[in-house]
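S.K.: From the sequence below, what's the structure:
(2 chains)
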Amino acid sequence: EPEVTQTPSHQVTQMGQEVILRCVPISNHLYFYWYRQILGQKVEFLVSFYNNEISEKSEIFDDQFSVERPDGSNFTLKIRSTKLEDSAMYFCASSEFETQYFGPGTRLLVL
Amino acid sequence: GENVEQHPSTLSVQEGDSAVIKCTYSDSASNYFPWYKQELGKGPQLIIDIRSNVGEKKDQRIAVTLNKTAKHFSLHITETQPEDSAVYFCAATSPAYYGGSQGNLIFGKGTKLSVKP
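M.R.: Numbering: from 1, shown residues only, chains lettered A, B, ... in the order given. Just a heads-up that it's a prediction; the model follows:
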């Protein structure tokens, strides 16, 4: 069964460093999303992406964040200058229509 | 914007009993309501979803009911098993098939279900 994959599974970085989180959505899906989950809290929407541009973004998704689909299979989330409060699980999701399928997540720890 | 409230935050049942988790939403335009199961260290896995033109949907031991008038929906798990133990999230969205947006999911805070053997 097709699934969303994410790399790396864990990332430790120093505050102020740039990180890139990678996702491979399900191959026939056209809509892509990033969500984050701070430990013990609910999943929060960051951004959605369709046709090579951002469709929607939340107030969390500020100028420090960017997304890109660099080729036909990968979808990336970049955090330019990480802050302590960026420590969270980051989930990529993709959909063909409204049903969104989530990847296993990347646990980001900012020290 | 949409707000989703979920109750209870924790639920403990004996194996074989039923479990019910309830959610309310605020935006009457929301028309798609998925439920996700999240096991420790993993991503949310879709277990069932319902659209606003349907009042109830069932898949084996799992069922979801929707009351559009009251703006609430519930997850029902019958004959619970220890492997049902996980955190369950409800979500709501109003997908738009125009403008390139499928609608972002607004999640509840989750219910930690423990099924005791």
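
S.K.: Checking residue B:80 next. Helix, strand or coil?
M.R.: Look at residue B:80: counting by DSSP: H, G, I helix; E, B strand; the rest coil, its state is coil.

S.K.: So it is in contact with residue B:15, correct?
M.R.: Yes. At 6.1 Å, residue B:80 counts as touching residue B:15 under the criterion of CB atoms under 8 Å. (C-beta placed from N, C-alpha, C; glycine too.)

S.K.: joint contacts of these two?
M.R.: Both residue B:80 and residue B:15 are contacted by residue B:115, under the criterion CB atoms under 8 Å, 6 or more residues apart in numbering or on different chains.

S.K.: When the two are compared, which one has more neighbours?
M.R.: residue B:80 (21 against 13; other CB atoms under 10 Å in any protein chain shown).

S.K.: How confident is the prediction for the more buried one, by pLDDT?
M.R.: Here, the pLDDT recorded for residue B:80 equals 98.

S.K.: what about the spatially closest residue to it that is not a sequence neighbour, distance to residue A:42?
M.R.: Leaving aside its chain neighbours, residue B:80 sits nearest to residue B:115 (4.6 Å; criterion: CB to CB, 6 or more residues apart in numbering or on different chains). Counting by CB to CB, to the nearest Å, the gap between residue B:115 and residue A:42 amounts to 22 Å.

S.K.: When these two are compared, which one has more neighbours?
M.R.: residue B:115 (20 against 17).

S.K.: Which pLDDT value does the model give the more buried one?
M.R.: Value for residue B:115, per-residue pLDDT: 97.

S.K.: which residues in chain B form helices?
M.R.: Counting by DSSP state H, chain B has no helices to list.

S.K.: Spell out, range by range, the strands that occur in it.
M.R.: B:4-7, B:10-14, B:19-25, B:32-38, B:45-51, B:56-59, B:62-67, B:72-77, B:86-92, B:106-107, B:111-116 (DSSP state E).

S.K.: can I get those strands in TSV with distance to residue A:68?
M.R.: Putting the strands of chain B into TSV (distance: least, CB to CB, whole Å) gives the following:
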stretch	distance to residue A:68
strand B:4-7	30
strand B:10-14	39
strand B:19-25	32
strand B:32-38	26
strand B:45-51	26
strand B:56-59	37
strand B:62-67	36
strand B:72-77	35
strand B:86-92	26
strand B:106-107	25
strand B:111-116	35
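
S.K.: Lovely, talk soon.
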